[in-house]
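structure, please.
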Amino acid sequence: MTDPSRLAQIEADLAAAAELRRRHSDLTQRLTTERAQLKLVEERVRTLRGHLIDEAKDVEVLESFSPTRIWATLRGSRADDLARERAEHEAARYAVAEAEARRDAVSRDVESLQAQVEGLGDVDDVQRRAVAAKEQWALANDPVVAAALEDIARERGRLTASRKEAAEAYAAGEPALALVEQAVQLLGSAESWSTADTFFGGGVLTDMMKYEKMDEAADVLHRADVALGRFSRELADVGVDGIDSVQVDTMTRTFDMYFDNIFTDMAVRSRIQDAGRKAGAARQAVRQALLGLEKTSQDIAGQLAQLEEKRSWLLSG
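Numbers count the residues shown, from 1 in each chain. The predicted model follows:
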């Protein structure tokens, strides 16, 4: 006669070992991906820093006593040229800061993943010991039942890991949704002020309110972009396509328009509308993904219940 408590412990050890190996494989794969992403982001930071240096030199040329300054003064365009170059320098500085923030976020993800991989310990040794215990039990008991229970334990480990990944993805999706919804609201407000500025004359107050909302929206979009990136990586773990970026660069270019006033109010309004559409699409995609994760968790719970029923039936024989 079999010992149910001993068998239950063996099954639990096998399920834990299977989940541990799956977790190790997933984390290792994610770590490889994040390290590659970190290299790309670091290269972008270097490129943008070089561009920032060039923009600073352009400003310095116009501010110093140089042939360029003399020629601009003679043409009567020095003030406009200097304002434009300062705006371009500020935009370049903003782009560098944004890229550095993105690099730091990815770097933290790499460090976190590395720590998680190391924290799992020797997963191969855990698997070997669990299998050895199962083999010992099977030699002393019914090998047919042992094989069936091993299949159940293996499937339970897989489902438990999948349920955990779905929960992690859902937890990453909630803050992403909140930020995207906030961005949609801010962009809607900015569009309203931009419409007033474009079609009803606007004025200093209208411009100030419009750009204030654009500033707020750009900040929220940047944070939403980081959150969406994290959510997309979690979705990849459960085999779901990621969410498209809300493309903070779009709003950065809008800032360029604010600084140098090259584009018309209509162009500003169009850029705001484009950012609003992207944010709206991202919001809808996140909502759908969260609903899908809820259904996945429910399905897994049902499958785990069925496995437990099958296990109980085998043990009762």
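
surely Ala282 and Leu221 touch.
No. Taking contacts as Cβ atoms under 8 Å, Ala282 lies outside contact range of Leu221: 9.7 Å. Glycine gets a C-beta too; all of them are placed from N, C-alpha and C.

please compute how far the longest helix anywhere in the chain lies from its chain's middle.
In terms of residue count, the longest helix belonging to the chain (DSSP state H) is helix 4-63. Here helix 4-63 shows a centroid-to-chain-centroid distance of 11 Å under the convention Cα atoms, centre = their mean, to the nearest Å.

just checking, what packs against that helix?
The helices and strands touching helix 4-63, judged by 3 or more Cβ pairs under 8 Å, 6 or more residues apart in numbering; DSSP states H and E, are helix 67-75, helix 78-119, helix 123-140, helix 143-199, helix 204-237, helix 265-316.

so which of the ones you listed gets nearest Gly50?
Closest to Gly50 of the helices and strands packed on helix 4-63, according to Cβ to Cβ: helix 78-119, at 9.7 Å.

and the closest one, how far from the chain's centre?
Its chain's C-alpha centre and that of helix 78-119 lie 16 Å apart, by Cα atoms, centre = their mean.

over to stretch 113-124?
For stretch 113-124, the gap between its own C-alpha mean and the chain's C-alpha mean amounts to 22 Å (Cα atoms, centre = their mean).

buried ones in that stretch?
Buried positions in stretch 113-124, judged by neighbour count with 16 or more other Cβ atoms under 10 Å: Leu113, Gln116, Val117, Val123.

quick one: these as JSON lines, columns for distance to Thr33 too.
Rendered in JSON lines, the data for these read as follows (distance: Cβ to Cβ, whole Å):
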{"residue": "Leu113", "distance to Thr33": "9"}
{"residue": "Gln116", "distance to Thr33": "14"}
{"residue": "Val117", "distance to Thr33": "13"}
{"residue": "Val123", "distance to Thr33": "20"}
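
and the closest residue to Arg35 other than its chain neighbours, how many neighbours?
With Cβ to Cβ, 6 or more residues apart in numbering as the measure, Val110 is the residue that lies nearest to Arg35, at 5.9 Å, once sequence neighbours are left out. Summarising burial for Val110: neighbours were counted as other Cβ atoms under 10 Å, giving 17.

contact partners for Val110?
Neighbouring residues of Val110 by Cβ atoms under 8 Å, 6 or more residues apart in numbering: Leu31, Glu34, Arg35, Leu38.

now Gly242, what are its backbone angles?
Comment: the main-chain dihedrals of Gly242 come out as phi -80, psi 180, following degrees, to the nearest 10.

my read: it touches Ala282, true?
No. At 10.7 Å, Gly242 does not count as touching Ala282 under the criterion of Cβ under 8 Å.

which residues do the two both contact?
Counting by Cβ under 8 Å, 6+ apart, the shared contacts of Gly242 and Ala282 are Leu228.

tell me the centre residue of the chain?
A centroid search over the chain (Cα atoms, centre = their mean) returns Gly229, at 1.6 Å, as the residue closest to the centre.

quick one: pLDDT of it?
The predicted local distance difference test score for Gly229 is 86.

where's it relative to Ile243, distance?
The span separating Gly229 from Ile243 equals 9 Å under the rule Cβ to Cβ, to the nearest Å.

same question, Ser162
When Ser162 is compared with Ile243 (using Cβ to Cβ), they lie 20 Å apart.

who's more crowded, the two?
Applying other Cβ under 10 Å to Ser162 and Ile243 shows that Ile243 carries more neighbours, namely 25 against 21.

isn't the more buried one up against Arg283?
No. With the criterion set as Cβ under 8 Å, Ile243 and Arg283 do not qualify as a contacting pair; they are 9.5 Å apart.

domain map for the chain?
For the chain, the domain assignment from automatic domain parsing gives the residue ranges 1-141, 163-317.

average model confidence for the shortest one?
Averaging the model's pLDDT scores along domain 1-141 yields 80.

number of nearby residues for Asp241?
Around Asp241 sit 10 other residues, with neighbours defined as other Cβ under 10 Å.
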